[in-house]
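S.K.: turn this into a structure:
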Amino acid sequence: MSVDKVETEHFLKQSIYLFCLLKLLNRGTTMSQRKLQQSEVQFLQEAMNADYSNADIRLREGEYQYELARTTASFQLELCFPDVKDIIRRLYGEEKANDIQFVRKIQTILKKLEKNNIVKILPKRKPWELQRYALPSFKFRDVNRNSVIFATDQQIKQAQDLLQSISAQYEISAVRLRNLRIRICMLLFAVGASYLMILWNFMQPIINPAVFILAFSVAVACSLMLGKTLSR
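M.R.: Purely as a prediction, here's the structure:
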């Protein structure tokens, strides 16, 4: 096999590795978008630690306001921020969630709850997504000064433990991803430097076999390591 053919094949391999690298990084971005953002983690922590919050409307079990707030709380205890269809689906089923008029009615009530300091509307992650809702506290005093509690101390404690565990996993994953990216960059640099060394060697009046063998061996070894790293 000629030197030119060998060199061409390894350049093609390098291109394939670079393509895989881009796919890996894109996959990492997509996955990270599904995780809780730092601002959302902070919001959950503040809501779990919050004392009684004053509400400017009545919260009575069986009424829309109460049931919507209670269902939002149930999502929050699962470390989720529901949109209007998530809330309707859990409360009334799939059929109601697909009823446009009913969805608009519930959105109007949720807007009323937001104006009366019971729910918060969170920023959208993507423009086409529905608005997401959250409670600033699990404990309220309504307009009649009645105490309304949407989660027990035990439920809040369990949610806090879960949140702490997930936050720790995020930190570990972030460290691993950072180390993986550093390793990939170092291997890419080594492969590129080896090919440059080979090209430089070919441009000399006399080709040094030792330099060629060394650079070629490094390029092959680093390419194999890069392929193994990308396949994880």
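S.K.: from now on I want contacts and neighbour counts done on CA atoms only, so please keep to that.
M.R.: OK.
S.K.: could you pull out the helices for the protein?
M.R.: For the chain, helices defined by DSSP state H occupy the ranges 3-33, 38-49, 64-77, 84-92, 94-97, 100-115, 153-202, 209-230.
S.K.: and the chain, what are its domain boundaries?
M.R.: Per automatic domain parsing, the domain ranges recorded for the chain read 3-33+169-230, 47-151.
S.K.: mean confidence for the shortest one?
M.R.: When you say that, I think you mean domain 3-33+169-230. Average pLDDT, domain 3-33+169-230: 67.
S.K.: residues near the residue nearest to Val148 when sequence neighbours are not counted, how many?
M.R.: Once flanking residues are discounted, Val148 sits nearest to Phe140: 5.1 Å by C-alpha to C-alpha, 6 or more residues apart in numbering. Other residues within reach of Phe140 by the criterion other C-alpha atoms under 10 Å amount to 22.
S.K.: Phe140 contacts Ala50, correct?
M.R.: No: shown here, Phe140 and Ala50 do not form a contact pair, counting by C-alpha atoms under 8 Å, at 10.0 Å.
S.K.: pretty sure Leu122 is touching Tyr133, no?
M.R.: Yes: counting by C-alpha under 8 Å, Tyr133 is a contact partner of Leu122 at 6.0 Å.
S.K.: those two: which is more packed in?
M.R.: Looking at Leu122 and Tyr133 with other C-alpha under 10 Å, you find the greater number of neighbours at Tyr133, namely 25 against 15.
S.K.: how near is the more buried one to Pro127?
M.R.: 16 Å (C-alpha to C-alpha, to the nearest Å).
S.K.: using PDB, list the CA coordinates for stretch 110-126.
M.R.: This file holds the C-alpha atoms of stretch 110-126, laid out as PDB (Å, rounded to 0.1, in the frame of the first residue of the first chain):
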ATOM      1  CA  LEU A 110     -54.400  30.200  36.100                       C
ATOM      2  CA  LYS A 111     -53.800  33.800  35.000                       C
ATOM      3  CA  LYS A 112     -56.100  34.800  37.900                       C
ATOM      4  CA  LEU A 113     -54.100  32.700  40.300                       C
ATOM      5  CA  GLU A 114     -50.900  34.400  39.000                       C
ATOM      6  CA  LYS A 115     -52.400  37.800  39.600                       C
ATOM      7  CA  ASN A 116     -53.400  36.800  43.200                       C
ATOM      8  CA  ASN A 117     -49.900  35.600  44.100                       C
ATOM      9  CA  ILE A 118     -50.700  31.900  44.100                       C
ATOM     10  CA  VAL A 119     -48.800  30.700  41.000                       C
ATOM     11  CA  LYS A 120     -45.900  32.000  39.100                       C
ATOM     12  CA  ILE A 121     -45.500  31.800  35.300                       C
ATOM     13  CA  LEU A 122     -42.000  30.600  34.400                       C
ATOM     14  CA  PRO A 123     -40.100  31.700  31.400                       C
ATOM     15  CA  LYS A 124     -40.400  29.500  28.300                       C
ATOM     16  CA  ARG A 125     -37.400  27.400  27.400                       C
ATOM     17  CA  LYS A 126     -38.500  27.500  23.700                       C
END
